[in-house]
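Student: Build the 3D model from these lines:
(one chain, ligands or ions: 1)
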Amino acid sequence: MPTFTQFPISRQGLQDIALFFIAGMAIFGALAAWRRYRGGDVRRPLISVGVLGALVVVAYALAFTVAPNIPTPPVPFTARFQSNPVSDTPENIDRGRQVFQAHCAICHGSRALGDGAQAFLLNPRPFNLQLHVPQHATGEIFYWIRNGVVGTAMPSWKDAKNADGTPALTEDDTWKIVRFLDALAAKRIEQ
Ligand code: HEC
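Tutor: The predicted structure is shown next:
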């Protein structure tokens, strides 16, 4: 079996982290300027600027070498604010689980941990949706399922058809999958 290990933070994630360090440098830099103006000791804030600067260099070096390039798929501004029109009932969650097992588990794993049979052949690998789903707006999750994730194996389900020409995944079932993922991530249902 091919084994494939991947750096755990994406290039885009590291770039975001670097921005935090840069903001920190600005704050300590301002503090040093203020202390200097007051005639105080500027060594400590300047050391902080230096350490943060080194971390920025490391973050960018990792970002453009070992880190996988996973462009955050753009989501239209309004999609983010969509709320789930199907109610949070055991029936809907069960239906979501069924459809997820049928279409998604092959890559995402039956518990959405990113450990489906095909996952190990993909680059980037599917993330752990139990961690990722709570980090995004419901509307974003729905949008990615409908439209796929560019630059990854995640297909668009909007126009996917069964062999007989019927839609493989209706909008309604997509929202039920989202209910299932929410419940799974919140550990409200059997794993
Ligand atoms: C061929 C493999 C494959 C199949 C089938 C698949 N996915 Fe994905 N999916 C991926 C990969 C690869 C990614 C990109 C990495 C990531 O974001 O987890 C992804 C991303 C996602 C994301 C975005 C997660 C995030 O936070 O970035 C969601 C949500 C998702 N998939 C749900 C589903 C659902 C629901 C189905 C079934 C209807 C499905 N996927 C079917 C491979 C697949």
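Student: Next to the ligand, which bits of the chain? Give me the list.
Tutor: With C-beta under 6 Å from any ligand atom as the criterion, the chain meets the ligand at residues 100, 103-104, 106-108, 118, 122, 124, 126-127, 129, 132, 136, 141, 144-145, 149, 152-155, 157, 169, 177. C-beta coordinates here come from the backbone N, C-alpha and C atoms, glycine included.
Student: Now the buried members of those.
Tutor: Buried residues within these, counting neighbours by 16 or more other C-beta atoms under 10 Å: 100, 103-104, 107-108, 122, 124, 126-127, 129, 132, 141, 144-145, 149, 152, 154-155, 157, 169, 177.
Student: thinking again about what came up before, helices - which of the residues of the chain next to the ligand land there?
Tutor: Residues of the residues of the chain next to the ligand located in helices (DSSP state H): Phe100, His103, Ile106, Cys107, His108, Leu129, His132, Ile141, Trp144, Ile145, Ile177.
Student: want to try a markdown table for the residues you listed, with pLDDT as columns?
Tutor: Output for those, formatted as a markdown table (pLDDT from 0 to 100):
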| residue | pLDDT |
| --- | --- |
| Phe100 | 98 |
| His103 | 97 |
| Ile106 | 97 |
| Cys107 | 97 |
| His108 | 97 |
| Leu129 | 96 |
| His132 | 90 |
| Ile141 | 95 |
| Trp144 | 95 |
| Ile145 | 97 |
| Ile177 | 98 |
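Student: Nearest the middle, which residue of the chain would you pick?
Tutor: The centroid of the chain falls nearest to His132 when counting by C-alpha atoms, centre = their mean (5.1 Å).
Student: who's in contact with that one?
Tutor: The contact partners of His132, taken as C-beta atoms under 8 Å, 6 or more residues apart in numbering, number zero.
Student: moving C-terminal of the lengthiest helix in the chain, what's the next helix or strand?
Tutor: Counting by DSSP H, the longest helix found in the chain is helix 11-38. Scanning forward in sequence from helix 11-38 by DSSP states H and E, the next helix or strand is helix 43-63.
Student: where does that following helix sit relative to the chain's centre, distance-wise?
Tutor: 26 Å (C-alpha atoms, centre = their mean, to the nearest Å).
Student: hmm, who's touching that helix?
Tutor: So helix 43-63 is contacted by 7, 9, 11, 14-15, 17-18, 21-22, 24-25, 28-29, 31-32, 35 (C-beta under 8 Å, 6+ apart).
Student: and of the residues you listed, the nearest to Thr89?
Tutor: Of all these, Ile9 has the smallest distance to Thr89: 36.9 Å, by C-beta to C-beta.
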